[in-house]
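Engineer: quick one: sequence plus predicted model below, questions after.
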Amino acid sequence: MKVVVIGGTGLIGSKLVARLTEHGHEAVAAAPNTGVNTLTGEGLAEVLEGASVVVDVSNSPSFADDDVMEFFRTSTTNLLKAEADAGVTHHVALSVVGTERLQESGYFRAKQAQEKLIEDSGIPYSIVHATQFFEFMKGITASATEGDTVRLAPVKIQPIASDDVAAAVGRTAAGEPLNGVLEVAGPDAFQLDELVRKALAAKNDPRTVVADPKAPYFGAVLQETTLLPGADARIAETRFTDWVAQQR
């Protein structure tokens, strides 16, 4: 079947296109650099012609509150309309574990708005909630850094490899619509501040990690289990320590 991957040239999208192609599907990477722009609608009708499934793994180029809300509202609205016109029968979107619990953050408010548009669209859908990718730990650290100090809440996090996220999204795209949410997470839970402290030490990074229960996480205050998946989550195989060893 033809599967159009919005954001198909990015970290998850490129892996997803490769996996779907390996499994015999016609996977098409759609992104501004391939002539498809969900914000303007450019190229959408053409790329969706004959598509059965659309997978949206795109992300806002700006995380400023107004910008990210505008991105997800506009792009999702344009995409869903084009899908309805093209007769697409399954919309799959990648989102984040804990989105509904992180509404102090402008980014997660925008993701929640995206999910609501999908749920209300009338198109059969599946939403995959992933925990934070191993690859994003660097960004989490940077966002919490002031000078040489990294302030992070001492809460649990259960990160996942991007390869495992792509695999989960691919299985979902090839299956029947869930009309609901699937959670995916890595196999091990860590304390966020301790994980970053070890990661910096392994790289001889001189920054000091301070455990601060009030430290914001992209604008939101975290509780102990805010970032953890529920009991029914699908657990991936790749362990963080093995992934780190592969990066060397």
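Structural biologist: Happy to help now that I have it.

Engineer: could I have the CA atoms of the lengthiest helix in the chain written out in CSV?
Structural biologist: Of all segments of type helix in the chain, defined using DSSP state H, the longest is helix 65-86. Output in CSV follows, covering the C-alpha atoms of helix 65-86 (Å, rounded to 0.1, in the frame of the first residue of the first chain):
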residue,chain,number,x,y,z
ASP,A,65,4.5,28.9,22.3
ASP,A,66,2.7,30.8,19.6
ASP,A,67,4.8,29.4,16.8
VAL,A,68,4.4,25.8,17.8
MET,A,69,0.6,26.1,18.3
GLU,A,70,0.3,27.7,14.9
PHE,A,71,2.4,25.0,13.3
PHE,A,72,0.4,22.0,14.7
ARG,A,73,-3.0,23.6,14.2
THR,A,74,-2.4,24.8,10.7
SER,A,75,-0.4,21.8,9.4
THR,A,76,-2.8,19.2,10.9
THR,A,77,-5.9,21.0,9.7
ASN,A,78,-4.5,21.3,6.1
LEU,A,79,-3.3,17.6,6.2
LEU,A,80,-6.6,16.2,7.5
LYS,A,81,-8.6,18.1,4.8
ALA,A,82,-6.3,16.9,2.1
GLU,A,83,-6.6,13.3,3.4
ALA,A,84,-10.4,13.5,3.4
ASP,A,85,-10.4,14.7,-0.2
ALA,A,86,-7.9,12.0,-1.2
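
Engineer: what residues sit buried inside stretch 126-140?
Structural biologist: Residues of stretch 126-140 classed as buried: 126, 127, 128, 129, 130, 131, 132, 133, 134, 135, 137, 140 (neighbour count, 16 or more other Cβ atoms under 10 Å). From N, CA and C alone the C-beta is placed, and that goes for glycine too.

Engineer: make that stretch 207-223, sorry
Structural biologist: Applying 16+ other Cβ under 10 Å to stretch 207-223 flags 207, 209, 215, 216, 217, 218, 219, 220, 222 as buried.

Engineer: any idea of the mean pLDDT in it?
Structural biologist: Mean pLDDT, stretch 207-223: 94.

Engineer: chain center to it: distance?
Structural biologist: 21 Å (Cα atoms, centre = their mean, to the nearest Å).

Engineer: and the end-to-end length of that stretch?
Structural biologist: End-to-end distance for stretch 207-223: 24 Å, by Cα to Cα, to the nearest Å.

Engineer: residues making contact with that stretch?
Structural biologist: Here stretch 207-223 makes contact (Cβ atoms under 8 Å, 6 or more residues apart in numbering) with 63, 101-108, 140-141, 143-145, 148-155, 192-193, 196-197, 200, 226-227.

Engineer: quick one: which of these sit in helices?
Structural biologist: 106, 107, 108, 140, 141, 143, 192, 193, 196, 197, 200.

Engineer: buried subset of the residues you listed, written for ChimeraX?
Structural biologist: Selection of the buried residues among those in ChimeraX, burial being defined by 16+ other Cβ under 10 Å:
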select :106,107,108,140,141,192,193,196,197,200
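
Engineer: quick one: residues contacting the residue nearest to residue 19 when sequence neighbours are not counted.
Structural biologist: Distance criterion Cβ to Cβ, 6 or more residues apart in numbering; nearest residue to residue 19, sequence neighbours excluded, is residue 170 at 4.5 Å. Applying Cβ under 8 Å, 6+ apart, we find residue 170 in contact with 16, 19, 20, 23.
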